[in-house]
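>>> requesting a structural model of the entry that follows:
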Amino acid sequence: MKFKKIKPSIKVPVEISARHIHLSKEDFEKLFGKNKKLESVKKLSQPGEFASKNKIKIINGKEKLNARILGPLREYSQAEISLTDAYTLKLNPLPKVRLSGDIYETTNVTIKGPKSQIKIPAIIAQRHLHCSEEQAKKIKLKDHQIVSVKINGQRKITFHNVIVRISKKYNLSVHLDTDEANAAGISEKTFGEIIK
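Predicted structure coming up:
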């Protein structure tokens, strides 16, 4: 199968997304208390999003993993983990590969905070590309279009089934999880190339 590079070639920043948690206000208060707030420690590339200093544990039986909560708080709660994380936690069945927010009929995990523990849906994040409306027009991309992204280097690789997500608030970047980053040998700031 032949792929067509977008012309002119567009370099896309590649960002690695480690396991993390999104919480609703209700679930955050259950875990941390009603008087607690989600405190930012680092701004993320997408406007308004941040890594918080608040962490929880993902638990399955005797298996545990630490995870950071990302802000702001959302209307729903979900855990985003890698397939390796799922194996480490011995989850059965394994979580579904989904876009963020698509949490229907996927595996639940237990997360534990200072005040309590709750169950929330877990997904393995579908690799995706964030793009603003202006950038999308420039490089002729449509929302939910499926593209490929080529990454050069010692472990040169092309990731297929990258779903385009368009919003006026987005900045251009490709999001991969840690398993995908390791497969590509990504250890520092990297750029990819969009291929239709």
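>>> and the contacts of stretch 152-160?
Contact partners of stretch 152-160, identified using Cβ atoms under 8 Å, 6 or more residues apart in numbering, comprise 3, 127, 146, 148-151, 174, 176, 180, 183-186, 190, 192-193, 195. (Each C-beta comes from the backbone N, C-alpha and C, glycine too.)
>>> what's the end-to-end length of it?
From its first residue to its last, stretch 152-160 covers 14 Å (Cα to Cα, to the nearest Å).
>>> wait, is Ala86 part of a helix?
Yes. The assignment for Ala86 by DSSP: H, G, I helix; E, B strand; the rest coil puts it in a helix.
>>> for it, give me its contacts.
Here Ala86 is in contact with 94-95, 107, 122, 124 (Cβ under 8 Å, 6+ apart).
>>> sorry, back to before: just the buried members of the contacts of stretch 152-160?
With neighbours counted by 16 or more other Cβ atoms under 10 Å, those contain buried members at 127, 148-151, 174, 176, 180, 184, 186, 190, 192-193, 195.
>>> for the residues you listed, which one is nearest Asn60?
Glu180 (22.7 Å; Cβ to Cβ).
>>> please report how far that closest one lies from Arg127.
Glu180 sits 6 Å away from Arg127, going by Cβ to Cβ, to the nearest Å.
>>> how many neighbours does Val147 have?
The local packing of Val147 (other Cβ atoms under 10 Å) involves 22 other residues.
>>> so which helix or strand takes in it?
Taking DSSP states H and E as the definition, one finds Val147 inside strand 146-151.
>>> and what of Lys64?
Using DSSP H and E, Lys64 falls within strand 63-71.
>>> give me the helices and strands touching that strand, please.
Secondary-structure packing of strand 63-71 (3 or more Cβ pairs under 8 Å, 6 or more residues apart in numbering; DSSP states H and E): strand 20-22, strand 50-60, strand 78-81, helix 83-88.
>>> Lys34: which of the ones you listed is closest?
strand 50-60 (14.4 Å).
>>> sheet partners, orientation included, of that closest one?
Strand pairing for strand 50-60, determined by DSSP bridges: strand 40-43 (antiparallel), strand 63-71 (antiparallel), strand 108-112 (antiparallel).
>>> quick one on the thing from earlier: the helix or strand just after the strand holding Val147: which residues count as buried?
As assigned by DSSP H and E, the chain's next helix or strand after strand 146-151 is strand 157-166. Using 16+ other Cβ under 10 Å as the test for burial, strand 157-166 gives 159, 162, 164-166.
>>> for those, which one is nearest Pro72?
Distances from Pro72 to these, taken by Cβ to Cβ, are shortest for Arg165, at 17.8 Å.
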